[in-house]
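K.L.:
structural data only, the sequence is not supplied:
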């Protein structure tokens, strides 16, 4: 009933930029937080950036100053602009949304399918 679809991943050279986008659709009543996690091979999934419905933002220390998260509440979308990319940013990036459906009365987390970001020369 709820779907989050990411786009924008790919291969980029070190120092380059990519923009990830995620659109949430379906029977959505309200979205609280949205954001991005990533998971590199052999590592645990880690928080990259999150943005609340009121615009409050948190970044992982490793991406501060390089990544920018933004959100369009009217369109239920969240984006991640990634600049000055490093090889250690290589991972599968997952979009998430903490949302409430029309059929429910609690906020639950929904996830996208993930998009690969590879930073390599």
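P.N.:
Yep, that arrived. What you see is a predicted model; the values in this text were computed from it and never measured. Numbering: from 1, shown residues only.
K.L.:
what strand or helix carries the residue nearest the centre of the chain?
P.N.:
Nearest to the centroid of the C-alpha atoms of the chain, with distances taken as C-alpha atoms, centre = their mean, sits residue 36, at 2.6 Å. Assigned by DSSP states H and E, residue 36 belongs to strand 28-39.
K.L.:
in a strand, residue 41, correct?
P.N.:
No: remark: residue 41 does not belong to a strand; assigned using DSSP: H, G, I helix; E, B strand; the rest coil, it is coil.
K.L.:
and it, how many neighbours?
P.N.:
7 (other C-beta atoms under 10 Å). C-betas here are computed from N, CA, C, even on glycine.
K.L.:
quick check: the gap between it and residue 72.
P.N.:
Counting by C-beta to C-beta, to the nearest Å, the separation of residue 41 from residue 72 is 32 Å.
K.L.:
over to residue 11?
P.N.:
For residue 11 relative to residue 72 (C-beta to C-beta), the value is 27 Å.
K.L.:
report the contact partners of the most far-flung residue of the chain relative to its centre.
P.N.:
Largest separation from the mean C-alpha position in the chain: residue 103, at 24.8 Å (C-alpha atoms, centre = their mean). If a contact means C-beta atoms under 8 Å, 6 or more residues apart in numbering, then residue 103 has 1, 27 as its contacts.
K.L.:
so which elements touch the strand holding residue 36?
P.N.:
Packing contacts for strand 28-39, counted by 3 or more C-beta pairs under 8 Å, 6 or more residues apart in numbering; DSSP states H and E, involve strand 18-26, strand 46-51, strand 67-72, strand 77-82, strand 91-101.
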